[in-house]
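Asks: can you look at this prediction? I've put the sequence above it.
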Amino acid sequence: MPAIIIIGAQWGDEGKGKIVDFLAEKANMVIRYSGGNNAGHTVVNQYGQFGLHLMPSGIFNPSVVCVIGNGVVVDPAVLLKEIDLLQARGVDTSHLIVSSRAHLIMPYHILLDGLEEEAKGGGALGTTKMGVGPAYVDKMARLGIRVGDLLEREAFHRRLSEVIFHKNILLTRVYGKAPVSVDEIFDTYCKYADRLAPYIKETDILVEKALEDGKLVLLEGAQGTLLDIDFGTYPYVTSSSPSAGGACTGLGISPRKIGHILGIFKCYPTRVGGGPMPTEIKDEIGQLIRERGHEYGTTTGRARRCGWFDGVGARYSSRINSFTDVAITRLDIFDTLETIKICTSYMVDGTRMDNFPASIDVLQKCQPVYEEMPGWRVPTSDIRHFEKLPPAAQNYIRRIEQLIKAPISLVSVGPRREQTIWLKAIV
Ligand code: GDP
Ligand code: IMO
Ligand code: MG
């Protein structure tokens, strides 16, 4: 069976964790392919509620092999803490494997993430300050240290000394900070290595074998398409490729192996951190949605900016990823609204625009053109069939489907697995 990619279609936090945990009941392998612990994926199931940062959301099914792929940047301290927390709550983590090719987040990456943001002042991106951006910078600058390097102590020390030589010039001469110590970091990371060693593998071979054997493989995206380093609202983006293309390079599999590309949209987008968001709701309705939806970041606790469904951004995301299936989450959060707005195009300097612009300067000027639809004003959380949804809710979903030009396969009406309405089976 070919692989299924599960992708955040907006600015992240669309409910990927819930959908992956749900689909993982039937899967054999669940793989994270990009990002790091900037991600926060919430899963609510029989074990309780969890905010996962690096651990694939398939970890709750003991027969699923969970893979952290080469495209992920791994902070070993965070991963070990996550393993400990899960084990303390009765979740077996022995079925996790970590790619030896994945890059490590080092202490100086975290320091630099904070210092770079501080130096940008009012122009700060609002990163999660987890060191993710600086770790990807080093990967591309060929100054990275990989998970597999932890297993070769002598070479690791040599490499670390070379890299820290550069980092300390930056820390002391540019930022006026104290240098970091090679030996301290080496000792700490050797301790991490002792614990992580059993998990470290050449994962691309195992993924290939699973696909060859016809196993159901889920590729769990992190972040969202509008945060993609190439296709997002640059420079207000993350430093990786959360969109469909990133899944192949983030794992070492061919696009020919992909069967379904499932895009997850919230029925209203949210955004954490800086950057343009044309449909942001700045009045009390935005506040109401935030409170009703508990829209506060799973990773940083920051308030999420909430907006009306942006049909232009969504259509763009749908085109970049070529979704074969779409999930709409959080429909229930709109249950109390009298009227719902939906953006169908933008106006810029008196001209109508149907495409999402590459330039954030243009995007800042985009005024959303809204259609208004009546709300349904009845609870939907207990509904399990599309036809049983109030007609206004069905109309809203169908209107989204028209705008994004991709078929909706499921609608989510609550955080728990069973609060899911299938329109079309994908597994
Ligand atoms: P992710 O990063 O894409 O995995 O999303 P997050 O976990 O950061 O944020 C999504 C939030 O919505 C989490 O608190 C989920 O438990 C919750 N959630 C997911 N689907 C639904 C839904 O259909 N309705 C409601 N009310 N909550 C949902
Ligand atoms: P999940 O997987 C929402 C945002 C940050 C910031 C920008 C760059 O839970 O959907 P970074 O730390 O990545 O350099 O920050 O990206 N961001 C997210 N926003 N959900 C996420 O992940 C995010 N991961 C990064 O808020 O605006
Ligand atoms: Mg999240």
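Replies: Good, I have the coordinates. Ligands and ions are numbered 1, 2, ... in the order given.
Asks: where do the strands sit along the stretch 201-350 of the chain?
Replies: 217-220, 258-266, 270-271, 305-306, 309-310, 325-329, 339-348 (DSSP state E, counting those that start in this stretch).
Asks: just say which of the ones you listed is most tucked in.
Replies: strand 217-220 (a mean of 29; mean count of other C-beta atoms under 10 Å). (C-beta placed from N, C-alpha, C; glycine too.)
Asks: can you tell me if that one touches ligand 2.
Replies: No - Strand 217-220 does not reach ligand 2 (C-beta under 6 Å from any ligand atom); its nearest approach is 9.0 Å.
Asks: helices or strands next to that strand in the packing?
Replies: When contacts are defined as 3 or more C-beta pairs under 8 Å, 6 or more residues apart in numbering; DSSP states H and E, strand 217-220 sits against strand 3-8, helix 16-23, strand 29-32, helix 203-212.
Asks: let me know whether the second one sits next to ligand 3.
Replies: Think helix 16-23. No - under the criterion of C-beta under 5 Å from the ion, helix 16-23 makes no contact with ligand 3; the nearest approach is 6.9 Å.
Asks: make JSON lines out of the helices and strands packed on strand 217-220 and add distance to V362 and mean neighbour count.
Replies: Shown next, in JSON lines, are the helices and strands packed on strand 217-220 (distance: least, C-beta to C-beta, whole Å; neighbours: other C-beta atoms under 10 Å):
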{"stretch": "strand 3-8", "distance to V362": "23", "mean neighbour count": "26"}
{"stretch": "helix 16-23", "distance to V362": "29", "mean neighbour count": "26"}
{"stretch": "strand 29-32", "distance to V362": "33", "mean neighbour count": "29"}
{"stretch": "helix 203-212", "distance to V362": "39", "mean neighbour count": "17"}
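Asks: which bits of this structure sit near ligand 3?
Replies: 13, 40, 298.
Asks: and those residues near ligand 2, which?
Replies: Among those, ligand 2 is touched by 13, 40, 298 when using C-beta under 6 Å from any ligand atom.
Asks: make CSV out of these and add neighbour count and pLDDT.
Replies: Formatted as CSV, these follow (neighbours: other C-beta atoms under 10 Å; pLDDT from 0 to 100):
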residue, neighbour count, pLDDT
D13, 29, 97
G40, 19, 96
T298, 18, 81
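Asks: closest one of the residues you listed to P374?
Replies: Nearest to P374 among these, counting by C-beta to C-beta, is D13 at 26.8 Å.
Asks: let me know the helix or strand that the closest one is in.
Replies: Using DSSP states H and E, D13 is not contained in any helix or strand.
Asks: what's the answer for Q394, then?
Replies: Using DSSP H and E, Q394 falls within helix 391-404.
Asks: report the buried residues of that helix.
Replies: Neighbour counts over helix 391-404 (16 or more other C-beta atoms under 10 Å) mark 392-393, 396-397, 399-400, 403-404 as buried.
Asks: just give the closest residue to L150, not the sequence neighbours.
Replies: Distances taken as C-beta to C-beta, 6 or more residues apart in numbering place A193 nearest to L150, at 3.7 Å, with adjacent residues excluded.
Asks: the one you found: how many residues sit nearby?
Replies: 18 (other C-beta atoms under 10 Å).
Asks: and for I145?
Replies: Neighbour tally, I145, other C-beta under 10 Å: 21.
Asks: list the contacts for it?
Replies: The contact partners of I145, taken as C-beta atoms under 8 Å, 6 or more residues apart in numbering, are 103-104, 106, 138, 156, 159-160, 163.
Asks: ok, the residue nearest to K26 when sequence neighbours are not counted - how many residues close by?
Replies: Nearest residue to K26, sequence neighbours excluded (C-beta to C-beta, 6+ apart): V427, at 5.1 Å. Neighbour count for V427, taken as other C-beta under 10 Å: 14.
Asks: let me know the pLDDT of the nearest residue to L389 once chain neighbours are set aside.
Replies: Using C-beta to C-beta, 6+ apart and skipping residues adjacent in sequence, the residue nearest L389 is I383, 5.5 Å away. Note on I383: pLDDT of 98.
Asks: for the record, mean pLDDT for the one helix or strand the residue nearest to L150 maps to?
Replies: Secondary structure assignment for A193, by DSSP H and E: helix 182-196. What helix 182-196 shows for mean pLDDT is 98.
Asks: contact partners for R384?
Replies: Neighbours of R384 in contact, by C-beta under 8 Å, 6+ apart: 418, 420-421.
Asks: which one of those residues is nearest to L170?
Replies: Minimum distance to L170 across the contacts of R384 is 47.7 Å, recorded for T420 (C-beta to C-beta).
Asks: give me the beta-bridge partners of that closest one?
Replies: S412 (DSSP bridges).
Asks: now stretch 64-78 - C-alpha only, CSV.
Replies: The C-alpha coordinates for stretch 64-78 follow below in CSV (Å, rounded to 0.1, in the frame of the first residue of the first chain):
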residue,chain,number,x,y,z
VAL,A,64,3.3,0.8,14.8
VAL,A,65,6.9,1.5,14.1
CYS,A,66,7.5,5.2,14.8
VAL,A,67,10.2,6.9,12.8
ILE,A,68,12.0,10.2,13.2
GLY,A,69,13.2,10.7,9.7
ASN,A,70,16.4,12.4,8.3
GLY,A,71,14.5,15.7,7.6
VAL,A,72,13.8,16.3,11.3
VAL,A,73,16.1,18.3,13.6
VAL,A,74,16.4,16.5,16.9
ASP,A,75,17.0,18.0,20.3
PRO,A,76,18.0,14.9,22.2
ALA,A,77,17.2,16.4,25.6
VAL,A,78,13.6,17.1,24.4
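Asks: can you give me the buried ones in it?
Replies: Of the residues in stretch 64-78, 64-78 count as buried by neighbour count, 16+ other C-beta under 10 Å.
Asks: quick check: the farthest pair among those?
Replies: Maximum pairwise distance in the buried residues of stretch 64-78, criterion C-beta to C-beta, is 24.6 Å, between V64 and A77.
Asks: next to ligand 2, which bits of the chain? Give me the list.
Replies: Counting by C-beta under 6 Å from any ligand atom, the chain sits next to ligand 2 at 8, 11-13, 38-41, 125-128, 130, 132-133, 222-224, 227, 238-239, 272-273, 298.
Asks: list the ones among those that fall in helices.
Replies: Here DSSP state H is the test, and the residues of the chain next to ligand 2 give 132-133 as lying in helices.
Asks: buried members of the residues of the chain next to ligand 2 into PyMOL, please.
Replies: With 16+ other C-beta under 10 Å as the criterion, this PyMOL line picks the buried residues out of the residues of the chain next to ligand 2:
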select buried, resi 8+11+12+13+38+39+40+41+125+127+128+130+132+133+222+223+224+227+238+239+272+273+298
